[in-house]
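> I need the structure of the sequence given here:
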Amino acid sequence: SAFLHSSINSASAVRRDILLLHSSTQATEPKSQPRSGIAQELLNLALKSPLWTYVMVPQARASIVKTAESNGIQWMNAKSWLNEQLSTKDYSDVVYP
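Residues are numbered from 1 along each chain as shown. Alright, predicted model coming up:
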């Protein structure tokens with residue numbers, strides 16, 4: 001009974017955290033012009049390199065998780081819950097464009 005209550009509260013917290021993440025990531029129109037210059041060119045080169053994919057992306061993900069969890073969002077619990085939901089559903093009838 002206590003475990004069930006704990007699981008329900010945990011699932012509710014995960015859903016709440018997911019909704020908070022979704023509401024905080026809504027797209028907005030850019031307010032400034034695109035950047036240019038040598039620094040921007042160097043950044044563009046770095047973003048196109050394999051260094052970006054294999055080093056910077058994992059570090060950025062780890063930083064996002066750390067920031068979310070320090071702000072009270074149970075990131076890893078939310079990720080586990082989402083993976084669980086996806087693995088228990090049958091999406092064979094979904095047509096991808």
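> switch to C-alpha atoms for all contacts and neighbour counts from now on
Fine.
> what is the mean pLDDT for stretch 80-97?
Across stretch 80-97, pLDDT averages out at 81.
> Could you list the buried residues of the helix or strand where Trp81 lies?
With secondary structure defined by DSSP states H and E, Trp81 is part of helix 75-88. Neighbour counts using 16 or more other Cα atoms under 10 Å place 75, 78, 81 of helix 75-88 among the buried residues.
> Any stretches of the protein with poor pLDDT?
Residues of the chain meeting the criterion pLDDT under 70: 1-11, 19-28, 30.
> ok, 80 please
Applying pLDDT under 80 to the chain flags residues 1-34, 51-52, 88-92, 94, 96-97.
> what does the helix holding Trp81 rub up against?
11, 14-15, 17-18, 65, 68-69 (Cα atoms under 8 Å, 6 or more residues apart in numbering).
> now the buried residues of helix 75-88 in CSV, with distance to Ser87?
Output for the buried residues of helix 75-88, formatted as CSV (distance: Cα to Cα, whole Å):
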residue, distance to Ser87
Trp75, 18
Ala78, 14
Trp81, 10
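> This structure: helices as residue ranges?
Ranges of helices in the chain, per DSSP state H, are 2-24, 38-48, 50-51, 57-70, 75-88.
> now those in TSV, with distance to Pro97?
Below are the helices of the chain laid out as TSV (distance: least, Cα to Cα, whole Å):
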stretch	distance to Pro97
helix 2-24	23
helix 38-48	27
helix 50-51	29
helix 57-70	27
helix 75-88	19
